[in-house]
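In: predicted model and sequence follow; I will ask about them next.
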Amino acid sequence: MMRRDRRSRKEEADGVRASLAPGSLNGAITIVAILLFVALASAAMSDAVQHYFGSGAHTDQALAVALLLNIALILVGWGHNRHLLREVGVRTAAEERAHQLAAKDPLTGFLNRRSLAEAGAMMFTNVAGRPKAMALLLLDLDHFKMVNDLHGHATGDALLKEVAREIAEAMPPAAIAARLGGDEFACAFPFDRTHPALVEGVADTIVTRLARPFHADGLHL
């Protein structure tokens, strides 16, 4: 579902951008105005040159007015295009931000539970049929509720950020990490079936890192 939502948002944004292209009505009008401006400007310039050199020809007033109107039309079209492009940029940035908030845990920056399911399924598909397997590690913090009760949720949040940083640093390059909720985390990564010790090594590294005292919110925990 998330993939389809992203695709539909991308198609909608592409459709809006396409509406700003020269093939759109606004772009077509601007191009026509520019072409007409070139034609009128050539004629007006020819009249002006003849008048300047005393050939007796006078500049056609209607031609001059039409030229000025075309200049105004070009400026209006250009300004409108710039305004629409700015709106598209703001909207695209807002949609990307909304997608990030929907896919990630805002506190730690890890994937959330739903995104982990999607990314994990993709990883599992990629290792299927290869001499690789996928490891999934589940972690939860002991006595985290006590930290919240004694020091407040702000300290608890600061601790979770530090825990997430330690987990991220312990992960192999191709790993994904997620916060499942509360003090629960998950990590997944591919490994060579002939070297299963890598999984145990990563798990031991995480346990060692998380067993050390933490400095969070000005406190040693």
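Out: On my side now, so go ahead.

In: tell me the first helix or strand C-terminal of the helix or strand hosting V207.
Out: Element membership of V207, judged by DSSP states H and E, is helix 197-211. Later in the chain than helix 197-211, the nearest helix or strand by DSSP H and E is strand 215-216.

In: in its sheet, which strands sit next to that next one, and in what direction?
Out: Taking DSSP bridges as the criterion, strand 215-216 forms sheet pairs with strand 219-220 (antiparallel).

In: V76: which element?
Out: In this structure, V76 sits in helix 61-103 according to DSSP H and E.

In: packing partners for the helix or strand that comes right after that helix?
Out: On the C-terminal side of helix 61-103, the nearest following helix or strand under DSSP H and E is helix 113-127. Packed against helix 113-127 by the contact rule (3 or more C-beta pairs under 8 Å, 6 or more residues apart in numbering; DSSP states H and E) you find helix 2-19, strand 132-140, strand 176-181, strand 184-192. No exception for glycine: its C-beta is placed from N, CA and C like everyone else's.

In: just the CA atoms of helix 113-127, as CSV, please.
Out: The C-alpha atoms that make up helix 113-127 are tabulated as CSV, following Å, rounded to 0.1, in the frame of the first residue of the first chain:
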residue,chain,number,x,y,z
ARG,A,113,7.0,-1.1,12.2
ARG,A,114,5.1,-0.8,8.9
SER,A,115,8.2,0.3,6.9
LEU,A,116,10.2,-2.5,8.4
ALA,A,117,7.7,-5.0,7.1
GLU,A,118,8.1,-3.6,3.6
ALA,A,119,11.9,-3.2,3.6
GLY,A,120,12.3,-6.6,5.3
ALA,A,121,10.2,-8.3,2.6
MET,A,122,12.2,-6.7,-0.1
MET,A,123,15.5,-7.8,1.6
PHE,A,124,14.2,-11.4,2.0
THR,A,125,13.2,-11.4,-1.7
ASN,A,126,16.7,-10.2,-2.7
VAL,A,127,18.5,-12.9,-0.8
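
In: quick check: buried residues in that helix?
Out: 115-116, 119-120, 123 (16 or more other C-beta atoms under 10 Å).

In: quick one: mean pLDDT for it?
Out: Regarding helix 113-127, the rounded mean pLDDT is 91.

In: how about stretch 196-216?
Out: Mean predicted confidence for stretch 196-216 is 92.

In: let me see the residues that make contact with that stretch.
Out: 133, 135, 137, 139, 141, 155, 158-159, 161-163, 166-167, 169-172, 187, 189, 191-192, 220-221 (C-beta atoms under 8 Å, 6 or more residues apart in numbering).

In: give me the buried subset of these.
Out: Buried by 16+ other C-beta under 10 Å: 135, 137, 139, 141, 155, 158-159, 161-163, 166-167, 170-171, 187, 189, 191, 221, out of the contacts of stretch 196-216.

In: how about A168: what's its closest non-neighbour residue?
Out: Excluding the flanking residues, the one nearest A168 by C-beta to C-beta, 6 or more residues apart in numbering is A177, at 6.1 Å.

In: partner residues bridging the nearest residue to L116 once chain neighbours are set aside?
Out: Distance criterion C-beta to C-beta, 6+ apart; nearest residue to L116, sequence neighbours excluded, is A178 at 3.7 Å. Beta bridges link A178 to L111, A186, judged by DSSP bridges.
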